[in-house]
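Novice: I would like to see how this sequence folds:
(chains A and B)
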Amino acid sequence: MMDISKMRNIGISAHIDSGKTTLTERILYYCDKIHMIHEVKGKDGHGATMDYMELERERGITITSASTNVTWKEHTINIIDTPGHVDFTIEVERSLRVLDGAILVLCSVGGVQSQSITVDRQLRRYNVPFIAFVNKLDRTGANPYKVKEQIRDKLGHNAVLVQIPIGLEDKFQGVVDLIQMKALYFEGPNGDEVVEREIPAELQMEAEKRREELIDAASLFSDELAEAFLEGAETEAQIYQAIRKGVLSRKVIPVFMGSAYKNKGVQPLLDGVIHYLPNPSEVKNTALDLHDGEKEVELKADPKEPAVALAFKLEEGQYGQLTYIRIYQGMIRKGDELYNPRLRRKFKVGRLIRMHAHEMEDITEAVCGDIVALFGIDCASGDTFCHPSINYSMTSMYVPAPVISLAVFPKDKTSADQMAKALGRFTKEDPTFRTYVDPESNQTIIQGMGELHLDVYIERMKREYRAEVETGMPQVAYRETITQRADFDYTHKKQTGGAGQFGRVAGYMEPCEEKEYEFVNMIKGGVIPNEFIPSCDKGFQAARMKGTLIGFPVVNIRCVINDGSTHPVDSSDIAFQQAAIGAFRQAYEKAKPVILEPIMKVTVEGPSEFQGNIFGSLNQRRGIIVSSTEENNFCRIEAEVPLSEMFGYSTVLRSLTQGKAEFSMEFLKYGRVPHAIAEELKKAYQEKRRKEQK
Amino acid sequence: MVRKELIRRSPLRALEKSLKEPLQKGEIAIVASPKGIGKTGCLVHIATDSLLQNKQVIHVSFSTRTDHIISWYEDIFKEVARKLNAAMEVHDEIIRHRVIMSFNQEGIKTQQILRSLTAMIRDGNFAANLIMVDGYNFYLATPEDLRLIKEFAKEVGVSIWFSATVKPENEKIWNRDVPPSLKPFEELIDVLITLGEAEGNILIRLVKDRDSYPRKDLSIHLDPKTLMIVEDRS
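Specialist: Residues are numbered from 1 along each chain as shown, chains lettered A, B, ... in the order given. Below you'll find the predicted structure:
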């Protein structure tokens, strides 16, 4: 069985152009190579390396899977692909969730840029411990010392160098390891051999000074080290231990350096991953116990506990659907039965797979902490799988409601079939993406978290499913709400032969900040019999689904009933539902309803020279500029803008800034629509209804 | 309490009363003190008071992160609005009237700051009445810089408050005089206030008021806990 302390699940975080891809390729190469040599040597001995090299050159190694498993010095490392874009989406959230630590890659010339700040913010949000790698030391203008200072100043982290460079730019040769106090050179055609030598004399002073800084910073986390250092008797193990402690609590960031492109500095970075980043048992993970009202329970990284795993990514491969899972507790064996709480269904584990850079390997069991894949499981990404004896969910069943919708029309029959297939698939992958057929217009509507979000899926429909589709105008998901309390007292009475209907409900509706909808029963003395109370609730819920202003759901409303009457024969479930619907409509107008619209938090980044254009474009869109930050002729503007005004913004922004600015947005809150616009919306709604009635 | 009442009772009325007249368009006021006395709190309080009066405020800072400035505003608003009716609504309304502009660049040129401010006011259509400049480095600036800023203030019709850090040891600012580092700018400063600790209190002193030099303690001081301006009860 695998030793949990020898596992690492890491992500590589970087902004564009810092060399993330090259670094990842190099990591796979060095790890895999060792792995291959190890495997092949027994059979063949010499020559194996060469053969492999040729193969490697021919194919090229690239990460194509959501998680790739490599082995480095008897440690198994899963490298999780983190999405390149920085929008806050469920996809980013999931990948950050399954990793336990990260490497933050920075360019030695560009240093900490505004995009690095965004990446850092993500890591902060998920409390992910990380180490830093300053890449591209061979470039003109490389300055790792400056980058380290920037990590301190701009990101506010306690960055310390664990290495110093030997030469820089075109004279970059290797690094000095400040813990072992050795110079490291990377020799052989691909830098495969790490050669240890004495520190060059001219760097001795500098190395000693930096080592002292390093130990000073590390001593804060280990009294043992502090004392040993005073006596000049510190050991390497003590230093590793102390830094590790600092990294795990995110209070120290060790800075590594090198040039992935020139094959320098990658192996020591991998050692760093093992020395400093947490193993799965060192990270606290929780699940919600669905048997116990979604109470939070801590998961134990113990193979003997009942299994809990999270499906974080689905992939449609050659041989069917591959489901990537991260096991948090217990272990999973081939043939085990697992339970999916969302579908309330058990299933059997068929094939269990480990993904390597070149191949997949069938395995028979996997333990907590590991990342593996399952074949042919019917599920959605974000689903939890657990042992049938428990009912845990890793994610709350709550998914944010979509804020935008779009009608899609297939061009022909084939496209219609393909589109249906695609939509079925996407809704499984992403719970924030939804689809339904509008009963009124008979159109297929897709819904999501923003224009770009939907664009991605439209594009995928075309590319992956060859479904030619046209789209309608995007529709914003408005809401209605009330602003004051209003009473109702409504009697529903119907006597037209046969059984009559009778129900009277009285009470009031009022704004409710905390909840979308709340029903409160304050009936005393059984004036409405208990059996009909749920009918009233149902009636209110039905009525609130379509507000009378513009036909959108009414939110943040509390309906309270405190009086009513009943008829011994004519009262029924339907009668009280109808009474509640009538009561709702009666009070709604009096409660001063207003229209709400989704407000997005928009972040625009671009060169300062376009600042005025960006301000203007946000202002035109009813945006409130919250802040702007300028730095090295680069500005970052944060604003709150109604979603309805953001359509086509990417095109506008591109043309305003010669394509040099980019923006991201995420849903922030619902805000009240200004009076003039509300009136227009109401008018349009009435117009539409009038047409429909004709 | 309603908003009008809140404004009327604000300790800032006492500050205004001690001046010949409230700060006018095109005028420059400075709050100076050594580090860590409470200049930012003081500026944010003045800004919040103006926001409550429906004025629009640009807050200029020189740090990387804007979130801690936003927290300053949130905290001070909470204090100020404790007795206010419908505080949340007022809050949502006034934040629309505030924008934070941060410049995180060593030795950024005054012209560049003014360019960005102009962009915000003109292109961003943000009709600022008041600009707060927190942490302007008067040791690096020249009188020419301040003159440019003053011209700008006149041109766009705003008044500007600065906070200035002065070194405590070599400047005897508590002698109620213009701190030496601000001497070169003296002519351009319309109102100069200094903060100083005395027996656990943070005193507010009016050093300069247009062409006169009152050099007196005001009837207000800074609350050492909230760093807001409070009126002395005597």
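Novice: what about the helices in chain B?
Specialist: Remark: helices of chain B, listed N- to C-terminal, are B:3-9, B:11-18, B:39-52, B:67-80, B:87-95, B:110-122, B:143-156; assignment by DSSP state H.
Novice: Residue A:258: which of the ones you listed is closest?
Specialist: Ranking the helices of chain B by proximity to residue A:258 (C-beta to C-beta) places helix B:67-80 first, at 33.4 Å. For glycine as for every other residue, the C-beta is placed from the backbone atoms N, C-alpha and C.
Novice: Helix B:87-95 and that closest one, what's the angle between them?
Specialist: Orientation check (axes from the mean of the first three to the mean of the last three C-alpha atoms, to 10 degrees): helix B:67-80 against helix B:87-95 gives 140 degrees.
Novice: mind checking how far helix B:67-80 is from the chain centre?
Specialist: Between the mean C-alpha point of helix B:67-80 and the mean C-alpha point of its chain there is a distance of 15 Å (C-alpha atoms, centre = their mean, to the nearest Å).
Novice: Export the helices of chain B as CSV, with columns for distance to chain A.
Specialist: Putting these into CSV (distance: least, C-beta to the nearest C-beta, whole Å) gives the following:
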stretch, distance to chain A
helix B:3-9, 19
helix B:11-18, 24
helix B:39-52, 13
helix B:67-80, 7
helix B:87-95, 7
helix B:110-122, 4
helix B:143-156, 14
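Novice: which of those is buried the deepest?
Specialist: Highest mean neighbour count among the helices of chain B (mean count of other C-beta atoms under 10 Å in any protein chain shown): helix B:39-52, with a mean of 24.
Novice: Kindly export it (C-alpha atoms) in CSV.
Specialist: As requested, C-alpha coordinates have been extracted for helix B:39-52 and formatted as CSV (Å, rounded to 0.1, in the frame of the first residue of the first chain):
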residue,chain,number,x,y,z
LYS,B,39,-3.8,60.6,9.7
THR,B,40,-5.5,58.0,7.5
GLY,B,41,-8.4,57.6,10.0
CYS,B,42,-8.7,61.4,10.1
LEU,B,43,-8.8,61.7,6.3
VAL,B,44,-11.3,58.9,5.9
HIS,B,45,-13.5,60.5,8.6
ILE,B,46,-13.5,63.8,6.7
ALA,B,47,-14.2,62.0,3.4
THR,B,48,-17.1,60.0,5.0
ASP,B,49,-18.6,63.2,6.3
SER,B,50,-18.5,64.7,2.8
LEU,B,51,-20.0,61.5,1.3
LEU,B,52,-22.9,61.8,3.7
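Novice: looking at the helices of chain B, which is closest to residue A:79?
Specialist: With C-beta to C-beta, the closest approach to residue A:79 among these belongs to helix B:67-80: 31.9 Å.
Novice: ok, now which ones touch the spatially most central residue of chain A?
Specialist: For chain A, residue A:93 is the residue whose C-alpha lies nearest the centre (C-alpha atoms, centre = their mean; 1.5 Å). Contact criterion C-beta atoms under 8 Å, 6 or more residues apart in numbering or on different chains gives residue A:126 as the residues in contact with residue A:93.
Novice: Next secondary structure after whichever strand or helix holds it?
Specialist: Secondary structure assignment for residue A:93, by DSSP states H and E: helix A:90-98. Remark: after helix A:90-98, the chain's next helix or strand is strand A:101-107, criterion DSSP H and E.
Novice: Contacts for that next one next, please.
Specialist: Surrounding strand A:101-107, the residues in contact under the criterion C-beta under 8 Å, 6+ apart are A:8-14, A:17-20, A:23, A:82, A:112-113, A:116, A:119-120, A:123, A:128-136, A:139, A:147, A:151, A:247, A:253, A:269, A:273, A:276-278.
Novice: sorry, back to before: with mean pLDDT added, can I get the helices of chain B in JSON lines?
Specialist: Listed next are the helices of chain B as JSON lines, based on pLDDT from 0 to 100:
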{"stretch": "helix B:3-9", "mean pLDDT": "83"}
{"stretch": "helix B:11-18", "mean pLDDT": "83"}
{"stretch": "helix B:39-52", "mean pLDDT": "91"}
{"stretch": "helix B:67-80", "mean pLDDT": "88"}
{"stretch": "helix B:87-95", "mean pLDDT": "85"}
{"stretch": "helix B:110-122", "mean pLDDT": "92"}
{"stretch": "helix B:143-156", "mean pLDDT": "95"}
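Novice: Redo the ones you listed as a markdown table? Include distance to residue A:645.
Specialist: Formatted as a markdown table, these follow (distance: least, C-beta to C-beta, whole Å):
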| stretch | distance to residue A:645 |
| --- | --- |
| helix B:3-9 | 29 |
| helix B:11-18 | 36 |
| helix B:39-52 | 24 |
| helix B:67-80 | 23 |
| helix B:87-95 | 18 |
| helix B:110-122 | 19 |
| helix B:143-156 | 27 |
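Novice: burial count for residue A:321?
Specialist: 17 (other C-beta atoms under 10 Å in any protein chain shown).
Novice: Now do it against chain B, distance only.
Specialist: Applying C-beta to the nearest C-beta, to the nearest Å, the value for residue A:321 to chain B is 42 Å.
Novice: Residue A:140 too?
Specialist: 22 Å.
Novice: about what we covered before: okay, and which of the contacts of strand A:101-107 map to helices?
Specialist: Using DSSP H to define helices, the subset of the contacts of strand A:101-107 located there is A:20, A:23, A:116, A:119, A:120, A:123, A:147, A:151, A:247, A:269, A:273, A:276.
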